[in-house]
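In: any chance you can model this:
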Amino acid sequence: MFPTSVNSCVRDPVVEFTVEKDLICGHSKIFKATFGGSFDESASKELTLEGVSPLTFRSFKYWLHYDKVRSNNGEIQEQPLERNETNP
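Out: Numbers count the residues shown, from 1 in each chain. Below you'll find the model as predicted:
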């Protein structure tokens, strides 16, 4: 059985990303509330993000999967980000 996925779309240019719902909701209270609550996005499983570049969201998705951050030149940060109350 495949995990449930959600779609996030960024603009300028428009790019769609598919992310596993459990993964993105497990790392972000905002996505958890959006896709797990009573918002329209919970039913449609789609969210359009304004003001987020494709590169930024691609980097976020990489961090979700590997717990490491890539810089704009593609280098990988050696130390993973710490998760805490201000950075869940």
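In: quick one: the strands in the protein?
Out: In the chain, strands defined by DSSP state E lie at 5-10, 15-20, 46-49, listed in chain order.
In: just name the most buried of these.
Out: strand 5-10 (a mean of 18; mean count of other Cβ atoms under 10 Å). From N, CA and C alone the C-beta is placed, and that goes for glycine too.
In: what pairs with it, parallel or antiparallel?
Out: strand 15-20 (antiparallel), strand 46-49 (parallel) (DSSP bridges).
In: which residues sit against that strand?
Out: 15-21, 24, 31, 35, 41, 45-49, 52-54, 56-57 (Cβ atoms under 8 Å, 6 or more residues apart in numbering).
In: again with stretch 12-32
Out: 3-10, 35-36, 45, 47, 53-54, 57-58, 61, 64-65, 83, 88.
In: ok, now with 7 Å
Out: By Cβ atoms under 7 Å, 6 or more residues apart in numbering, the residues outside stretch 12-32 that reach it are 3-9, 35-36, 54, 57, 61, 64, 88.
In: cool, stretch 44-64 as well?
Out: Outside stretch 44-64, the residues touching it (Cβ under 7 Å, 6+ apart) are 6-11, 13, 15, 17, 19, 23-24, 27, 34-35, 41, 69-70, 81.
In: quick revisit: could you dump the strands paired with strand 5-10 into a markdown table and include mean pLDDT?
Out: Below are the strands paired with strand 5-10 laid out as a markdown table (pLDDT from 0 to 100):
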| stretch | mean pLDDT |
| --- | --- |
| strand 15-20 | 93 |
| strand 46-49 | 92 |
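In: and the angle for the top helix by length along the chain with strand 15-20?
Out: Ranked by residue count, the top helix of the chain under DSSP state H comes out as helix 54-66. Interaxial angle, helix 54-66 versus strand 15-20 (axes from the mean of the first three to the mean of the last three Cα atoms, to 10 degrees): 10 degrees.
In: and helix 54-66, C-alpha only, in PDB?
Out: Only the C-alpha atoms of helix 54-66 are listed here, as PDB (Å, rounded to 0.1, in the frame of the first residue of the first chain):
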ATOM      1  CA  PRO A  54      10.900  26.200  -6.500                       C
ATOM      2  CA  LEU A  55      14.500  26.100  -5.200                       C
ATOM      3  CA  THR A  56      13.400  26.900  -1.700                       C
ATOM      4  CA  PHE A  57      10.700  24.200  -1.600                       C
ATOM      5  CA  ARG A  58      13.000  21.700  -3.300                       C
ATOM      6  CA  SER A  59      15.500  22.400  -0.500                       C
ATOM      7  CA  PHE A  60      12.800  22.000   2.100                       C
ATOM      8  CA  LYS A  61      11.800  18.700   0.500                       C
ATOM      9  CA  TYR A  62      15.400  17.500   0.500                       C
ATOM     10  CA  TRP A  63      15.600  18.400   4.200                       C
ATOM     11  CA  LEU A  64      12.400  16.400   5.000                       C
ATOM     12  CA  HIS A  65      13.900  13.300   3.400                       C
ATOM     13  CA  TYR A  66      17.600  13.500   4.500                       C
END
